[in-house]
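**Q** can't give you the sequence, but here's the structure:
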């Protein structure tokens with residue numbers, strides 16, 4: 001049941017996040033104009049925050065999927081956003097809402113540190129919400145690897161000959177180190193945080209490294225990336241390889257199309 005909810009949350013993160021922001025704004029309005037109602041709702045906010053933290057911890061330790069999202073419109077195979085960051089954003093949003101409500105209603109001129117803490121938390125909450133809202137996953141496209149970040153993006157053409165470690169990375173790795181045969185072909189825009197590595201917090205590291213290695217070795221299949229037919233052809237190739245997605249059968253490697 002929890003696994004099903006987490007999978008749903010990962011797919012619908014923007015809708016869930018939008019509902020959370022609307023509820024947060026509604027609480028602040030109620031707290032500003034009817035403080036007695038806001039105070040009665042405060043214990044519920046605390047309980048929700050603690051519940052979200054526990055659920056976020058469960059989502060964090062859950063094994064990341066060995067699967068891609070099929071995006072024929074780009075076209076691309078993308079890492080599916082995982083629910084852990086969404087749930088932690090909702091927990092932070094709940095805490096930030098409560099602290100902001102207190103600052104708005106009970107702030108005093110001499111309570112500078114309390115005001116600073118409350119508004120700093122509100123700013124951190126807003127930043128985290130924006131980070132979760134934006135799609136920052138890794139994408140395999142016919143022309144190369146794409147990685148979007150909050151401050152920029154990184155494009156690694158297949159002609160740059162990206163290589164990944166020979167040994168499968170740890171299942172808990174949050175990034176995979178890359179080397180380039182032609183680093184002059186790598187394009188960076190803005191200030192990408194990960195300049196020589198791919199983030200793998202949304203996908204099984206062994207799975208995505210096997211996919212990269214496969215397309216480096218088989219350029220004839222790159223034009224079909226992003227299609228269901230290619231995905232169905234690719235999965236048996238990865239799951240039958242020694243360093244594939246690390247799962248006993250291909251049935252554990254799923255897909256989502258959008």
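**A** Perfect, I can see it now. As the structure is a prediction and not an experimental result, all values here were calculated from the model.

**Q** what comes into contact with the helix or strand hosting residue 117?
**A** Following DSSP states H and E, one finds residue 117 within helix 112-133. Under the contact criterion CB atoms under 8 Å, 6 or more residues apart in numbering, helix 112-133 has outside partners 13-14, 17, 21, 85-86, 88-89, 92-93, 95-97, 99-100, 102-103, 107, 150. Yep, even glycine has a C-beta here, placed from its N, CA and C like the rest.

**Q** Quick one, which of the residues you listed are buried?
**A** 13, 17, 21, 85-86, 88-89, 92-93, 95-97, 99-100, 102-103 (16 or more other CB atoms under 10 Å).

**Q** Report the buried residues of the longest helix anywhere in the chain.
**A** In the chain, taking DSSP state H as the definition, the longest helix is helix 35-61. Neighbour counts over helix 35-61 (16+ other CB under 10 Å) mark 38, 41, 45, 48-49, 52-53, 55-56, 59 as buried.

**Q** Columns pLDDT and distance to residue 230 on top of those residues, output as CSV?
**A** Shown next, in CSV, are these (pLDDT from 0 to 100; distance: CB to CB, whole Å):
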residue, pLDDT, distance to residue 230
38, 69, 53
41, 78, 50
45, 85, 47
48, 90, 43
49, 89, 43
52, 90, 38
53, 88, 40
55, 87, 35
56, 84, 34
59, 78, 30
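
**Q** Report the rounded mean pLDDT for the one helix or strand residue 98 maps to.
**A** Secondary structure assignment for residue 98, by DSSP H and E: helix 83-106. Averaged across helix 83-106, the pLDDT comes to 82.

**Q** Let me know the angle separating that helix from helix 35-61.
**A** Per axes from the mean of the first three to the mean of the last three CA atoms, to 10 degrees, the angle that helix 83-106 makes with helix 35-61 is 160 degrees.

**Q** Great, nothing more from me.
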